[in-house]
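>>> Please find the sequence and the predicted model below.
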Amino acid sequence: MDECCCCKRKKFRSPEEYKSLVNRLNRIEGQIRGIKGMLDKNAYCPDILAQAAAANAALNAFSRELLSNHIRTCVVNDIKDGKEETIDELLRTLQKFMK
């Protein structure tokens with residue numbers, strides 16, 4: 001079975017890749033809960049903003065890891081298979097990512 005099956009919009013991840021991504025998301029989820037807790041406790045605005053910036057940076061790191069994995073697997077495999085439309089999809093994805 002292929003490592004990636006982009007045409008069916010599914011991606012089969014290795015256990016290591018899955019674990020890494022889920023761990024990042026779990027940490028981000030904890031950061032968001034912490035921010036909500038700060039708001040509930042009427043924390044000082046700059047303190048909340050600092051934590052929001054940290055959560056945003058963590059989400060960006062998650063996205064970079066996912067994008068890197070996508071390029072190294074799905075995009076490479078599709079190009080090898082002659083599916084050049086994947087390049088257009090990648091460009092659209094990058095445009096969304098860079099907003």
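Nice, thanks for sending it over.
>>> now this structure, which segments are flagged as low pLDDT?
1-8 (pLDDT under 70).
>>> nearest spatial neighbour of the most centrally placed residue in the chain, skipping sequence neighbours?
In the chain, the residue lying closest to the centroid (C-alpha atoms, centre = their mean) is Ser63, at 2.6 Å. Distance criterion C-beta to C-beta, 6 or more residues apart in numbering; nearest residue to Ser63, sequence neighbours excluded, is Phe97 at 6.3 Å. In this view, the C-beta of every residue, glycine as well, is placed from N, C-alpha and C.
>>> Near the one you found, how many residues? Count them for me, please.
12 (other C-beta atoms under 10 Å).
>>> Please state the backbone phi and psi of it?
The phi/psi pair for Phe97 (degrees, to the nearest 10) reads phi -70, psi -30.
>>> Helix or strand: which one has the residue of the chain positioned farthest from its centre?
Most distant residue from the mean C-alpha position of the chain: Asn42, 30.5 Å away (C-alpha atoms, centre = their mean). Secondary structure assignment for Asn42, by DSSP states H and E: no helix or strand.
>>> how about it, what does it touch?
In this structure, Asn42 makes contact with no residue, judged by C-beta atoms under 8 Å, 6 or more residues apart in numbering.
>>> Look up how far Glu16 lies from it.
Here the criterion is C-beta to C-beta, to the nearest Å. By it, Asn42 lies 42 Å from Glu16.
>>> next one: Arg9
Look at Arg9 and Glu16: by C-beta to C-beta, they are 22 Å apart.
>>> swap in Cys74?
Separation of Cys74 from Glu16 (C-beta to C-beta) stands at 17 Å.
>>> now swap in Ile48 and tell me
34 Å.
>>> try Thr73
With C-beta to C-beta as the criterion, Thr73 and Glu16 are 13 Å apart.
>>> Between those two, point out the one with more neighbours.
Set side by side, Thr73 and Glu16 show more neighbours around Thr73, with 19 against 8, by other C-beta under 10 Å.
>>> still on that earlier bit, check which helix or strand covers the residue nearest to the centre of the chain.
Here Ser63 is assigned to helix 45-70, by DSSP H and E.
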